[in-house]
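Novice: Sequence and computational prediction follow.
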Amino acid sequence: MTMDELLAMLREKAKDIDVTGTPGLAVSFYIKDRDPGVFYVAVNMNGNKGIQIEPYEYNDRHCAITMKMDNFVKLINGKLDAVAAFTLGKLKVDGDISKALEFANLIKK
């Protein structure tokens, strides 16, 4: 899967997620087996309601998550649990781990 395909899939899935009442959340993702493999997901940030997904770094992020593409796709499709991925070393978090857990709970919706 290319990064463009991944972002298109994420944007499609984001349409169905209800973020009402979700506090601001900004997460950068680094897909370590793609170049460039960076994008961000921002939820209810900077006056923007809803979910924004863009192929850039987000400098004011709450956390950064690093994964391989296949593991990220499994995570998004519900075939890999975020906590299990973290425990097994398939997911690395830099920054506020509670925000990473908030993101994990959002994608389960």
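Specialist: All right, it came through fine.

Novice: tell me the residue furthest from the middle of this structure?
Specialist: Gly47 (19.5 Å; CA atoms, centre = their mean).

Novice: For stretch 101-109, which residues meet the burial criterion?
Specialist: Glu102, Phe103, Ala104, Leu106, Ile107 (16 or more other CB atoms under 10 Å). The way it works is simple: take the backbone N, C-alpha and C, and place the C-beta from them, glycine included.

Novice: so how far is Ile51 from the residue nearest to the fourth one when sequence neighbours are not counted?
Specialist: Excluding its sequence neighbours, the residue lying closest to Leu106 (CB to CB, 6 or more residues apart in numbering) is Ile17, at 6.0 Å. Spatial separation of Ile17 from Ile51 under the definition CB to CB, to the nearest Å is 6 Å.

Novice: With Val27 instead?
Specialist: Relative to Ile51, and taking CB to CB, Val27 is found at 11 Å.

Novice: contacting residues around Ile107?
Specialist: Lys13, Ile17, Leu75, Ile76, Gly78, Ala82 (CB atoms under 8 Å, 6 or more residues apart in numbering).

Novice: Likewise for Lys92?
Specialist: So, once contact is read as CB under 8 Å, 6+ apart, Lys92 ends up touching Ile65, Thr66, Met67, Phe86.
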